[in-house]
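Student: build me a structure from this.
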Amino acid sequence: MKKYLAELIGTFALVLFGCGAAVVDGKTIPAAVLPDAPLGIGILGIALAFGLAVVVMAYAIGPISGCHINPAITISMLVARKISGKDAIGYVVAQFVGATIAAALLYEFQKGSPNFAMGEYALGSNGWGPGYLGGYSTESAFVAETVLTFLFLFVIFATTSRWGNSTMAGLAIGLTLVLIHLVAIPITGTSVNPARSFGPAIFAGGKALGQLWLFIIAPVIGGILAALLWHGVFDKEVK
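Tutor: Modelled structure (predicted):
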């Protein structure tokens, strides 16, 4: 149970820190509301929040559970035969629960703001199309989430392999997530993690919940492709 609890806490921290940064500090407070308000942290700040959350949790719970904190990673590891089916189920359930608790807590935080309203895509929900950030198409969103998850998992497999530097793996993985967010935030808000998308969407409802399917399917496909490539090509003994 320690492994599952670690995954729950890790996913909780990722969603709370990452989505929390986007919701609480991601936008500039209008001057009419607070004339001396500081500028929001912007895309770079949000990207760093998600990436640094992965770094700190990798070193905190990595020795316990491997710090997947992402169902796409767990399913990818299952395909690559690096985790049992029983543990994979336990991990995924814990990840979804952790993300949901984090979104609930973030909602409690936001209710205390005098200007808070649960609009479309609230609490850092992912999405695409008209009305969402860059207004990108469904095809662009699907391709971005699939390819970027594939690259994310490739880095994870490589840095945690027998050729990787285990002491630096957490930092490399976290920095990869920063880079992914810098590209994908305008497109989808960046998921590459079904649990991260699930938690906020459950509370936001509406379009965020209706578009959740993409943020479950695309990252899982990307993760499976990375697992097949790594297990079938790179994770072979050189003769």
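Student: any idea which element Phe198 lies in?
Tutor: If you go by DSSP states H and E, Phe198 is part of helix 194-204.
Student: test my guess that Leu133 contacts Ala141.
Tutor: No: Leu133 lies out of contact with Ala141 (C-beta atoms under 8 Å); the separation is 10.5 Å. To be clear about C-beta, it is placed using only N, CA and C from the backbone, and glycine gets the same treatment.
Student: higher neighbour count, the two?
Tutor: Set side by side, Leu133 and Ala141 show unequal neighbour counts under other C-beta atoms under 10 Å, the larger going to Ala141 at 25 against 16.
Student: and Gly222, how many neighbours?
Tutor: 25.
Student: now it: closest residue in space, sequence neighbours ignored.
Tutor: With C-beta to C-beta, 6 or more residues apart in numbering as the measure, Thr149 is the residue that lies nearest to Gly222, at 3.1 Å, once sequence neighbours are left out.
Student: that neighbour against Pro219, yeah?
Tutor: Yes: counting by C-beta under 8 Å, Thr149 does reach Pro219; the two are 4.2 Å apart.
Student: identify the contacts common to the two.
Tutor: When contacts are counted by C-beta atoms under 8 Å, 6 or more residues apart in numbering, Thr149 and Pro219 have Ala72, Val192 as shared neighbours.
Student: the residue nearest to Ser166 when sequence neighbours are not counted: neighbour count?
Tutor: Excluding its sequence neighbours, the residue lying closest to Ser166 (C-beta to C-beta, 6+ apart) is Thr160, at 6.9 Å. Taking other C-beta under 10 Å as the criterion, the count of residues near Thr160 is 20.
Student: what does Gly119 give?
Tutor: Going by other C-beta under 10 Å, the residues that sit close to Gly119 add up to 8.
Student: ok, back up a step: by contact count, what packs against whichever helix or strand the residue nearest to Gly222 is part of?
Tutor: Secondary structure here is read from DSSP H and E; on that basis Thr149 sits in helix 138-159. Taking 3 or more C-beta pairs under 8 Å, 6 or more residues apart in numbering; DSSP states H and E as contact, the helices and strands that helix 138-159 lies on are helix 71-79, helix 169-188, helix 212-229.
Student: between those helices, which gets nearest to Val155?
Tutor: Taking C-beta to C-beta as the criterion, helix 169-188 is the member of the helices and strands packed on helix 138-159 that comes nearest to Val155, at 4.6 Å.
Student: quick one: contacts of the closest one?
Tutor: Everything outside helix 169-188 that qualifies as a contact, by C-beta under 8 Å, 6+ apart, is 43-44, 46-48, 50-55, 58-59, 62, 67, 126-128, 133-134, 136, 140-141, 144-145, 148, 151-152, 155-156, 159-160, 190-192, 214-215.
Student: for the record, mean pLDDT for it?
Tutor: Mean pLDDT, taken over the full extent of helix 169-188, equals 96.
Student: contacts only, for the residue nearest in space to the middle of the chain.
Tutor: Here the mean C-alpha position of the chain is nearest to the C-alpha of Asn193 (C-alpha atoms, centre = their mean), at a distance of 4.2 Å. Residues counted as contacts of Asn193 (C-beta under 8 Å, 6+ apart) are Leu14, Ile69, Asn70, Pro71, Ala72, Phe215, Pro219.
Student: repeat that for 7 Å
Tutor: The neighbours of Asn193, taking C-beta atoms under 7 Å, 6 or more residues apart in numbering as the test, are Asn70, Ala72, Pro219.
Student: wait, doesn't Gly223 sit right on Met77?
Tutor: No: taking C-beta atoms under 7 Å as the contact criterion, Gly223 and Met77 are not neighbours in contact, 8.5 Å apart.
Student: if anything else comes up later, I'll come back, but that's it for now.
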